[in-house]
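[1] Sequence isn't available, so here's the structure alone:
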C-alpha cells in the first residue's frame, strides 16, 4: 500500500511519510512546510500521540512491506489571504493478520462539518481502485456518535464487537 496525494472539494490529502512524521515530532515549522499548510496550536487531534507517530514510522520503514497508507487532511481555502490549514488525518493500515483497517481523527474545532466523511470516501475510492483489497474494517466506540455517523454515511455496515473492549466493528466491501 502506498499513499498518493488526493484532493476533494474542500480537502487536500497529503501522504504521511517518514519525513513528515519525523518533522511532526521534532519541528513544527518544517512539518508545516512539508505539508504546505498552517499547523494549528490545537494539533494533534484526539488519539494521535507521539507513540502513534513512532508506530507510523515503523509501519513505513520497510519499503517492500509498507503497512500504512495514511494522509494529513488539509482544509483548502481558495482565498489568497487565507492559508490552508491542517485539520485532521487518517488512513488505512494492514494488520498482521492481513486485514485492512481505517482510522481517522479530526481536530475538535473542525468536527461535525463533513470533513471526515469527505476524506474517508476519497480514501476508500483510492484504495479500492489501486489495491486488491476487498474489505475495509473500522472500529469505534458506540458513544462516539459522530464517528459512527461517518462510517454509516460512507457505506460501512455494523458487524458486531470490535477487537478492543467496548468497541464496535464496521466493515465495507468493495
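    Structure received. Quantities reported herein were computed from a predicted structural model and do not represent experimental measurements.
[2] middle-most residue in the protein, spatially?
    residue 90 (0.5 Å; C-alpha atoms, centre = their mean).
[3] Now stretch 166-174: buried residues?
    168-172 (16 or more other C-beta atoms under 10 Å). Heads up, the C-betas are built off the backbone N, CA and C, glycines and all.
[4] For these, please prepare TSV with the additional fields distance to residue 36.
    Formatted as TSV, the buried residues of stretch 166-174 follow (distance: C-beta to C-beta, whole Å):
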residue	distance to residue 36
168	36
169	36
170	33
171	34
172	31
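[5] For residue 137, state which of these is nearest.
    Distance to residue 137, by C-beta to C-beta, is smallest for residue 171 among the buried residues of stretch 166-174, at 5.0 Å.
[6] Quick check, pLDDT for that closest one.
    On pLDDT, residue 171 comes in at 96.
[7] what's the most distant pair in the buried residues of stretch 166-174?
    Longest span within these, C-beta to C-beta: 168 and 172, 14.4 Å.
[8] Would you map the helices across the protein?
    Using DSSP state H, the helices found in the chain span residues 18-26, 28-35, 50-60, 115-130, 145-153.
[9] longest strand in the protein, by residue count?
    Using DSSP state E to assign secondary structure, the strand with the most residues in the chain is strand 85-94.
[10] Now do the same contact list for the residue nearest to the centre of the chain.
    Applying C-beta atoms under 8 Å, 6 or more residues apart in numbering to residue 90 gives the contacts 70-71, 73, 102-105, 116, 119-120, 123.
[11] What of residue 21?
    With contact taken as C-beta under 8 Å, 6+ apart, residue 21 is in contact with 53, 56-57, 60.
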